[in-house]
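Colleague: show me how the following folds:
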Amino acid sequence: MEKAVGILGLGCYVPEKVLTNHDLEKIVETSDEWIVERTGIKNRHIAAEGEATSDMSVIAAERALADAGVSPEEIELVIVATASADHAFPSTACLVQDRIGAKNAAAFDLSAGCSGFVYSLGVASQMVKSGLYKKALIIGAETLSRIMNWEDRNTCVLFGDGAGAAVIGEVEDGLGVLGIDLGSDGSGGKYLFQPAGGSRRPASHETVDAREHFIHMNGNEVFKFAIQIMGKTAKRALAKAGLEPADVDLLVPHQANIRIINSAAKRLKMPMEKVWVNVDKYGNTSAASIPIALCEAQEQGVLKKGGTVLLVGFGAGLTWSSIVLKWSK
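Modeller: Next up, the predicted model:
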């Protein structure tokens, strides 16, 4: 029989500083009413000066290890999903691996935008299932405030900072990951990207003056993509697990926009009572979005052992991702 692999422990962290919609009204031409109506966001957390993606990752990782009852030395793989790494290299995962004392672990970053955590869960779970590793640590973490154009009201109202982590390992038969659907459409890469800072457009006075090191997004195109892909990828993952939307106990979608979340629930014919929503508190934390939501659900006693949990995301790339699990804690 194949090994059953799932989540052994969860941990998350958000910075102390909260930026409200009313705070943003003083920065750009917008309003609390406009932001809430179109996105559902009321607050977002912003990293402190000097606080980087690796710093938040370490805190979330240590909390996940404690929750799982696993020592750093037992971790054999560390993956950090992020679009806002500390450096181009070394990877943020290597920085985390060193700081938490995971001396027996391989480490790398994964770039799939807001789909990153679910991508990481897919990759890590299959590596553990194959027998290559016994335990893995996956982290979704972002400091998007550092690559935000605070004069662009179409993007600066959306994003926040934070980190979420999970320990992956063998679980009881019948539990853990049951179905995975990962995909991409690179033709949509131009709709959500950071134009400069890579080999295509290295940093220069021109790129800095043109604000090309910030997030650029075509909101309408990303919205249209998200609306149609969330339901499709969720149904594909469920089909691979031999399940139907009606079998799901909890849907944990990427927290980008309340209208997208509502649309996904409608397409899956799921009542909102079964959908975890915290976009109002944190905004879009990209790869950290789903693990932070899972942490909250666990803290509030919503996740039940044996319950069917569906994770669904979409992001830059353009990418999409969904995983079905029988909860194992």
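Colleague: for the rest of this, base every contact and every neighbour count on C-alpha atoms.
Modeller: OK.
Colleague: was I right to think Asp185 contacts Gly315?
Modeller: No. Shown here, Asp185 and Gly315 do not form a contact pair, counting by C-alpha atoms under 8 Å, at 10.4 Å.
Colleague: Ile229 falls within a helix, correct?
Modeller: Yes. Assignment of Ile229 by DSSP: H, G, I helix; E, B strand; the rest coil places it within a helix.
Colleague: how many neighbours does it have?
Modeller: 19 (other C-alpha atoms under 10 Å).
Colleague: sorry, back to before: Asp185 and Gly315: which has the busier surroundings?
Modeller: Shown here are Asp185 and Gly315; by other C-alpha under 10 Å, Gly315 has more neighbours (23 against 12).
Colleague: look up how far His216 lies from that one.
Modeller: 13 Å (C-alpha to C-alpha, to the nearest Å).
Colleague: same check on Leu250?
Modeller: Per C-alpha to C-alpha, Leu250 is found 32 Å from His216.
Colleague: what residues does Val28 make contact with?
Modeller: Trp150, Glu151, Asp152, Arg153 (C-alpha atoms under 8 Å, 6 or more residues apart in numbering).
Colleague: does it count as helix, strand or coil?
Modeller: coil.
Colleague: in this protein, which residue is most central in space?
Modeller: The centroid of the chain falls nearest to Ala287 when counting by C-alpha atoms, centre = their mean (2.4 Å).
Colleague: quick one, phi psi at that one?
Modeller: As for Ala287, its main-chain torsions (degrees, to the nearest 10) stand at phi -60, psi -20.
Colleague: correct me, but it touches Val80?
Modeller: No. Counting by C-alpha under 8 Å, Ala287 does not reach Val80; the two are 9.1 Å apart.
Colleague: mind listing what's buried in stretch 51-62?
Modeller: By 16 or more other C-alpha atoms under 10 Å, the buried positions in stretch 51-62 come out as Ala52, Thr53, Ser54, Asp55, Met56, Ser57, Val58, Ile59, Ala60, Ala61, Glu62.
Colleague: what's the answer for stretch 64-80, then?
Modeller: Those would be Ala64, Leu65, Ala68, Val70, Pro72, Glu74, Ile75, Glu76, Leu77, Val78, Ile79, Val80, for stretch 64-80 by 16+ other C-alpha under 10 Å.
Colleague: which of these fall in strands?
Modeller: Among these, the members found in strands (DSSP state E) are Leu77, Val78, Ile79, Val80.
Colleague: just checking, the first one touches Tyr133?
Modeller: Yes. Counting by C-alpha under 8 Å, Tyr133 is a contact partner of Leu77 at 7.2 Å.
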